[in-house]
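Novice: sequence and computational prediction follow.
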Amino acid sequence: MKFKDIAASKVGNGFIWKRGRKDLLAEVQRLRAENAYLKNLQALVLEEERRQRKKRR
């Protein structure tokens with residue numbers, strides 16, 4: 001296995017584990033999708049809060 005195909009990461013208690021490039025790319029893609037979802041959700045919540053404040057006035 002080539003060095004670029006392996007990534008080592010530290011987890012909580014210092015345990016080091018290795019994952020292949022495909023696994024890391026898949027996780028990055030999942031995290032990007034989750035981040036986009038959370039940003040959209042936050043925007044919706046903020047918009048709803050803004051509407052609620054506007055109604056109270």
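Specialist: Noted; the coordinates are in hand. Residues are numbered from 1 along each chain as shown.

Novice: going forward, measure contacts and count neighbours with C-alpha atoms only.
Specialist: Noted.

Novice: low-confidence stretches in the protein?
Specialist: Applying pLDDT under 70 to the chain flags residues 1-18.

Novice: strands along that one, start to end?
Specialist: Ranges of strands in the chain, per DSSP state E, are 6-11, 15-20.

Novice: quick check: Ala26 vs Ala33, distance?
Specialist: 11 Å (CA to CA, to the nearest Å).

Novice: overlap in contacts, these two.
Specialist: Counting by CA atoms under 8 Å, 6 or more residues apart in numbering, Ala26 and Ala33 have no shared contacts at all.

Novice: could you count how many residues lie near Arg30?
Specialist: 12 (other CA atoms under 10 Å).

Novice: now the one 4 residues further on
Specialist: The criterion is other CA under 10 Å. On that basis, Glu34 has 12 neighbouring residues.

Novice: do the same with Arg21
Specialist: Neighbours of Arg21 using other CA under 10 Å come to 13.
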